Every structure is written in C-alpha cells, then in structure tokens.
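Undergrad: Predicted model follows, preceded by the sequence.
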Amino acid sequence: MALTQQTQVKPYSEQGSKKSQVSQMFDNVAPWYDFLNHFLSLGIDISWRKKTIAAIKDIHPKQILDVATGTGDLAIEAAKQLSPEKVIGIDISHEMLEVGRDKLKKRHLFPTVELLSGDSEKIEFPDNSFDAVTVAFGVRNFENLDAGLAEMLRVMRPGGKVAILEFSMPTMFPFKQLYHFYFKYILPVIGKITSKDPKAYSYLYESVQAFPDGEKFVSKLEALGYKAVTSTPFTLGICTLYVGKK
C-alpha cells in the first residue's frame, strides 16, 4: 500500500522547516500551555489522557517512551497508573520540557520519569527498547508523519503497544458545525489574548483540518507495519485514540 504524506501545514510561514517552526511555537506558548489545555477543553483533556494510558495497561509495560511529550502530562499519567520502571518523554521544545521538569520535581517523579530533548523522526534509542510508546496531540505536528511513526515502531519491542491520542473531526450535526466555529474563530482569539502568540491556535485549527484522521490514519499505521490497529473516538469525535501492536 502506497504511503502519502499529509498536507504540510506550518505555524508561521510556508518557507522554512515545519519542525523548527513548531519548536518555536511551543517555546512561545509554554508558560500558558497547560492552563489553556485544561481551560479550553473544560478539563476533558485530563480524562482523555487517562484513557490513553489505560489502553496499554494490559501489557504491564515497564519501559515507556512518550513522544512529543510537551510538558509531560501523559508521561506523568503513565507513571501514576502503571508504576513502570522508567518513562522517558522526548520533545523538540526546550521551554516545554523545562515546564515539565518543574512538574516532575513538584511530584517527586524524577528519576522514574525523565524528559529529554529529542526528535520524533530520529529517536536516539536502539531497536526494541520500549514496551510501549505513547503520544498525545503530537503526531499532527510531525514534519514527516511516516518517518515519525516508523521510528516509534522501530524502538518498540515485538508484542509492545502504541497509544496515539490526536484531534479528529466530529461528523455529527450540529456538533460538527459548532466545533468548526469554535476552533476556527473563538479558540484563536482566546489563545491570542492569553498566550500572546496569535499564530499558535490558528495553526491548531489548520493542522487538525489537514490531519488524516479516522480510517485514513488507521490505514497509514497498518501500512507502516502496526498490527491490530483500533480507533476509538472520544467526546463526539473531538479526538480519537489509536492503539496498535508490534
């Protein structure tokens, strides 16, 4: 099956790499990121992350990699739910990682959870290093989606599980129309006022629009070699949890 790259949506300019622009964008919004996540989702994002980690619980993972970890919320949830030996989170935004490290100190989770600078498309760990790989709202930001997903598969051991949480497009009327209006017009205004980066939340809408969600993403994972892939929509399809095995 032929693999196709999703439409390339960048935060600031058509020129330059998406990766560097995404890193700059998250560095800019890092101080407000957690607040805005919880505020704009009315706190529902917390339950989404809980369900994402619960999806890998059955294999009792001891070594977990959280890709595009941001401020580490999913990595922290993995440590709370699963009592693993090690959770490593990687991200390209240094400012997001610093916010995350402060959270780890307050929760006394280091060294069980460690946040490192790392590129999802060139993961610096050997093959078969992890029992499970997780991502929350990160794959949409990959410059090369196929490369990032292939790297995640490479570093996961045979029999391991991947859990990917990502925004998707609701289909039910009238929720679909309300969602579009909120995402396109309301959320960017709130994001501009609070985070001081007017592009960050318009990029959010545009990147969700361009992302190959649902069955398209399931097909992409299967084509790359993931097995037994499932997709579960949350909250009328605002986001979807994709789970697969190696």
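TA: Noted; the coordinates are in hand.
Undergrad: Please identify the buried residues of the lengthiest helix in the chain?
TA: Among the segments of the chain that qualify as a helix by DSSP state H, the longest is helix 18-40. Of the residues in helix 18-40, 18-19, 21-30, 32-34, 36-37, 40 count as buried by neighbour count, 16 or more other C-beta atoms under 10 Å. Using the backbone N, CA and C atoms, a C-beta is placed for each residue, glycine as well.
Undergrad: can you give me the mean pLDDT across that helix?
TA: When the per-residue pLDDT values of helix 18-40 are averaged, the result is 87.
Undergrad: can you pull the alpha-carbon coordinates of that helix into PDB?
TA: These are the backbone C-alpha positions of helix 18-40, laid out as PDB (Å, rounded to 0.1, in the frame of the first residue of the first chain):
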ATOM      1  CA  LYS A  18       7.900  22.800   9.900                       C
ATOM      2  CA  LYS A  19      10.000  21.200  12.700                       C
ATOM      3  CA  SER A  20      11.800  24.500  13.600                       C
ATOM      4  CA  GLN A  21       8.500  26.500  13.400                       C
ATOM      5  CA  VAL A  22       6.700  24.000  15.600                       C
ATOM      6  CA  SER A  23       9.600  24.100  18.100                       C
ATOM      7  CA  GLN A  24       9.500  27.900  18.100                       C
ATOM      8  CA  MET A  25       5.700  28.000  18.500                       C
ATOM      9  CA  PHE A  26       5.700  25.700  21.600                       C
ATOM     10  CA  ASP A  27       8.600  27.600  23.100                       C
ATOM     11  CA  ASN A  28       6.400  30.700  22.800                       C
ATOM     12  CA  VAL A  29       3.300  29.200  24.400                       C
ATOM     13  CA  ALA A  30       5.000  27.000  27.000                       C
ATOM     14  CA  PRO A  31       4.200  29.200  30.100                       C
ATOM     15  CA  TRP A  32       0.400  29.100  29.300                       C
ATOM     16  CA  TYR A  33       0.200  25.700  27.600                       C
ATOM     17  CA  ASP A  34      -1.100  23.600  30.500                       C
ATOM     18  CA  PHE A  35      -3.600  26.300  31.600                       C
ATOM     19  CA  LEU A  36      -5.000  26.700  28.100                       C
ATOM     20  CA  ASN A  37      -5.200  22.900  27.500                       C
ATOM     21  CA  HIS A  38      -7.400  22.500  30.600                       C
ATOM     22  CA  PHE A  39      -9.400  25.700  30.200                       C
ATOM     23  CA  LEU A  40     -10.200  25.400  26.500                       C
END
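Undergrad: Can you list the neighbours in contact with it?
TA: 8-13, 45-46, 70-71, 73, 91-96, 98-99, 119, 121, 141, 143, 187, 190-191, 194-197, 199-200, 203 (C-beta atoms under 8 Å, 6 or more residues apart in numbering).
Undergrad: Now do the helices in the protein.
TA: So, for the chain - with DSSP H - the helices run 18-40, 44-54, 73-82, 94-107, 145-155, 175-181, 187-195, 198-210, 215-224.
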